[in-house]
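**Q** I'd like to go over a predicted model; first the sequence, then the structure.
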Amino acid sequence: MSRGGDARSRVVSRREAARRVRAAQARGERVVFTSGCFDLLHVGHVRSLEEARRLGDRLVVGVNADATVRRLKGTGRPVLPLRQRAELLAALACVDWVFPFSEPTPRASLAHIRPDVFAKGGDWSLATLRANDAPPGFAGEIRRLRQVPGVRSTRIVEAVRAGRSAGPAARRAGAAGGRGSARTAGARRTARSAGRRRTR
């Protein structure tokens, strides 16, 4: 399915996103919705978005407005303004449409968009997502997305501001594709411990 146009043309209003979702559903396409701050966009976001896209035929992403990110993340955030965050998301091959929203949760957006699937990363349980994010009577599926261990926007921002690397956990995730990172880390710690014992 061709998306058409450049990245900026896929950043739309919530009303236009809802219109495009209806048109896609009328064609028999399954639409997935997810949301977040995406400040800064990192490999964990990309893998979660790719996973979300595999749940359907189209992926629409809601991105938090600058004021909302500031309330959620604190002073100094967002690092990138809404327009840039939205365009970066729209440039990803797995994303069909992006729209901004100003509410602290995606509940109102879900009520407007009415996707077939609501997919969300993080540590939230399905029950919590349904209670806190889904509007009353939401009939779509709710799915949790996997996270890449050790890769977090806040950690990356703090590392950059401190003038240091984002950390070995992030590097391991990038090298290992996010799979088995904890096991790999444990093996390395065991090997280092054994090496220290041999040299004593």
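**A** Perfect, I can see it now.
**Q** All the helices of this structure, residue numbers only.
**A** 14-26, 43-53, 66-73, 82-90, 107-113, 126-132, 153-162, 168-176, 181-199 (DSSP state H).
**Q** quick check: angle from the third one to helix 82-90?
**A** With axes from the mean of the first three to the mean of the last three CA atoms, to 10 degrees defining the directions, helix 66-73 sits at 80 degrees from helix 82-90.
**Q** can you give me how far helix 66-73 is from the chain middle?
**A** Relative to the chain's own centre, helix 66-73 is displaced by 16 Å; criterion: CA atoms, centre = their mean, to the nearest Å.
**Q** follow-up on the earlier one: least confident of the helices of the chain, on average?
**A** Confidence, taken as mean pLDDT, is least for helix 181-199 of the helices of the chain (a mean of 40).
**Q** I figured residue 110 hits residue 138, correct?
**A** Yes: contact criterion CB atoms under 8 Å: residue 110 and residue 138 qualify, at 6.0 Å. C-beta coordinates here come from the backbone N, C-alpha and C atoms, glycine included.
**Q** Between these two, which contacts overlap?
**A** residue 118 (CB atoms under 8 Å, 6 or more residues apart in numbering).
**Q** Which one's more surrounded, the two?
**A** The residue with more neighbours, out of residue 110 and residue 138, is residue 110; 20 against 16, by other CB atoms under 10 Å.
**Q** Which residues are in contact with residue 50?
**A** residue 94.
**Q** Just want the most central residue of the chain.
**A** In the chain, the residue lying closest to the centroid (CA atoms, centre = their mean) is residue 45, at 4.2 Å.
**Q** With adjacent residues omitted, what lies nearest to that one?
**A** residue 38 (5.8 Å; CB to CB, 6 or more residues apart in numbering).
**Q** list the contacts for that neighbour?
**A** Residue 38 neighbours (CB under 8 Å, 6+ apart): 45, 61, 63-64, 85, 88-89, 153.
**Q** Now with 10 Å, please.
**A** 45, 49, 61, 63-64, 69, 78, 80, 82, 85-86, 88-89, 98, 153 (CB atoms under 10 Å, 6 or more residues apart in numbering).
**Q** From residue 130, how far out is it?
**A** 23 Å (CB to CB, to the nearest Å).
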